[in-house]
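**Student:** only geometry, no sequence info:
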């Protein structure tokens, strides 16, 4: 059963590497950490059952995609699809940070339209490439590039325009 | 894609090489500015805290249970039979995985090797001189470890024979991975989810097991037998970061990774600076031990004069760090990271620091920021992980661009490259690079090259550095790295006291037994205290060091004690109520004769809650460390109680580190459940 053991090791590595990112991502979608954890757990269980051995570099986008679909299904079922189109509720308070710029930038990202926000978070927080983000979101690569471009532009503008008032918008 | 979108993609490194080059060639100045702005925002976002919350123990167990079922059964339960033809794919993929894991393993091993102090704990008590880190010996050892790992990889097996697998594996373990250090519980049945978790999911893969020197705790010593105890101070704090990394990954740290004194000294305490002309001041106080109501904890701390306000010009430093695969050896990236972290602490608040990494491409990990933003900088340093080729040319260009954007007229503007060798990817047109360096130099931005490792492939680097007044240093040890880096900014990492030793004389009237918490490898023979040829520890300007002693108060009352022994000293002061006396010896930075300072500490009659924030917090950290290490002295305190204690003694917590500790304690509590 060498193959079985290898699989186990690979899945465990995937858990170690991606669980926190997936929980954060799913929480951003369903706005409920416990539900998010359920979906992340289910994503990993599906990875266990996946008959095809994924190459290492494909594991992350695969997990994000599966997790995203689970979250979206849930939202659809609950008839809360609208939440995806409205500005997000606030997530839990971020850890201690020292730069006002960073706080402001993160607050601005939270205010972006949901598709831009999602792409930007996948790119910068979860460190996926455009191509991987395209795979996760079922968008085209150029579409992803466009959303990230527009989103970043808005954030940059926001940072230069209203640095003071933004501080109030930061989750506490 | 329209042009704007493409420029964003270029800035984020999303264009392939050819497209990037052709676009770059046509950029206008305004567009170049745009690229820089986007990169600087990306650098800022890269400093955002990574998500910390993973799955909980229950869900881990569920995944593990699925994995412990035979793979075929698992698949059959959910899918049609498609399994046979996949076997080969499986095998091939697992070889690939093993190779990857080996890389990760080298990296992890690397961090530990550089982070841990070299002196080994020694048997016996108070009888042996402290061992000083011997960089050469360490380098040799590190190389030996790397070679051993490399050999075992060639042999196609994980390094299971490494000496760390000291404790026996449970034969019932769900899958037979070599045990981690801390896994010492006896075998538990397979169906107990706790057993599942403990046996496998929280274990690192076998080939990622780091090596730690064993920590052997000292027992209590009777004051009547040995009233005096001596140690060489040590301000290392690396163990805390190791512990944090393990806990954040959802695993309990190996017990030998837990060095309580380093955890205690990771935190900043509000200690009064010396006022009496000495560079050091002794702060000593006592409280109840939170883990054992019958014991006391004494804190002995040394504070030093704060660094003099800067006389030098402001500095704008851009660190360009090679993170290609080859940097993952113990004496390269890990060494650089710890030195970098230490250097930053010596900078002034108005200094600017930026960090650019390069492998296959360059990445601005930290946009230029004030050196006061410790948390952000530390975060960026943590994100230096190896992998990829060595596109040094792009790295240099990016670093210079960052330096130029933050140029300080009349200040120290410098790009510091840390690498182990040549540039093997990207355009390596020597003359173009030399021109770049020379132009920048004409604009007062200088280059320093730090060569790391034993197998420096430094043809080009040396060539480049030769064009810049020979600012080229080979870094072979942490000491050398610190020396070089502190020189760069004009020696701000000034030492205020060297060869510092601390001695306690305890009063047998008041204290029955004592035990130094941690510092297993820093003890000295009592006679070494006043022997100036025996090395102690160095204390830098503005640094502090804290030691905790656990005391068992003497039972009974004064009548039982010897009355005629040393009750009043020649100065006429009654010392019967003293708990102990602290003596500190140090040498001034440029002297060879030691000086002594001392003070006495009186018996404590108050309650723990009345003790200063700092003292209470330090005891919380100690309790946490002992609990994590499963110390025989951990007492009965729960993680919840430790968290509560820490939460109640946060004080100002200017850098947020204390709050972080509370989170770590909570994580540890979750793992326990």
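**Tutor:** Nice, thanks for sending it over. Being a predicted model, the structure only gives us computed values, none of them experimental. Numbering: from 1, shown residues only, chains lettered A, B, ... in the order given.

**Student:** got a pLDDT number for residue B:126?
**Tutor:** If you check residue B:126, the pLDDT there is 32.

**Student:** actually residue A:21, not the one I wrote
**Tutor:** 89.

**Student:** Phi, psi for the closest residue to it other than its chain neighbours please.
**Tutor:** Spatial nearest neighbour of residue A:21, chain neighbours left out: residue A:126 (4.8 Å); criterion: Cβ to Cβ, 6 or more residues apart in numbering or on different chains. For every residue, glycine as well, the C-beta is placed using N, CA and C. Per-residue torsions, residue A:126: phi -100, psi 0 (degrees, to the nearest 10).

**Student:** count of neighbours near residue A:126?
**Tutor:** Using other Cβ atoms under 10 Å in any protein chain shown, residue A:126 has 21 other residues around it.

**Student:** Surely it and residue A:26 touch.
**Tutor:** No - judged on Cβ atoms under 8 Å, residue A:126 makes no contact with residue A:26 at a distance of 11.2 Å.

**Student:** Could you pull up the contacting residues of the most centrally placed residue in chain A?
**Tutor:** For chain A, the residue nearest the mean C-alpha position is residue A:25 (3.2 Å; Cα atoms, centre = their mean). Neighbour list for residue A:25: A:64, A:67-68, A:121-122, A:125-126 [criterion: Cβ atoms under 8 Å, 6 or more residues apart in numbering or on different chains].

**Student:** let's go with 7 Å and repeat that
**Tutor:** By Cβ atoms under 7 Å, 6 or more residues apart in numbering or on different chains, the contact set of residue A:25 is A:64, A:67, A:126.

**Student:** A helix includes the first one, no?
**Tutor:** So that's residue A:64. Yes - counting by DSSP: H, G, I helix; E, B strand; the rest coil, residue A:64 is part of a helix.

**Student:** Identify, from the contacts of residue A:25, the entry nearest to chain B.
**Tutor:** residue A:126 (8.4 Å; Cβ to the nearest Cβ).

**Student:** what's the helix or strand for residue B:399?
**Tutor:** Using DSSP states H and E, residue B:399 sits within helix B:392-405.

**Student:** and that helix, which residues are buried?
**Tutor:** B:392-405 (16 or more other Cβ atoms under 10 Å in any protein chain shown).

**Student:** which residues touch residue A:146?
**Tutor:** Residue A:146 neighbours (Cβ under 7 Å, 6+ apart): residue B:5.

**Student:** Need the three-state assignment for it.
**Tutor:** Once three-state DSSP is applied, residue A:146 turns out helix.

**Student:** before we move on, the earlier item: Serialize the contacts of residue A:25 to a markdown table and add fields for distance to residue B:327 and pLDDT.
**Tutor:** Shown next, in a markdown table, are the contacts of residue A:25 (distance: Cβ to Cβ, whole Å; pLDDT from 0 to 100):
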| residue | distance to residue B:327 | pLDDT |
| --- | --- | --- |
| A:64 | 29 | 94 |
| A:67 | 33 | 93 |
| A:126 | 24 | 87 |
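
**Student:** State whether residue B:317 is indeed within a strand.
**Tutor:** Yes - counting by three-state DSSP, residue B:317 is found in a strand.
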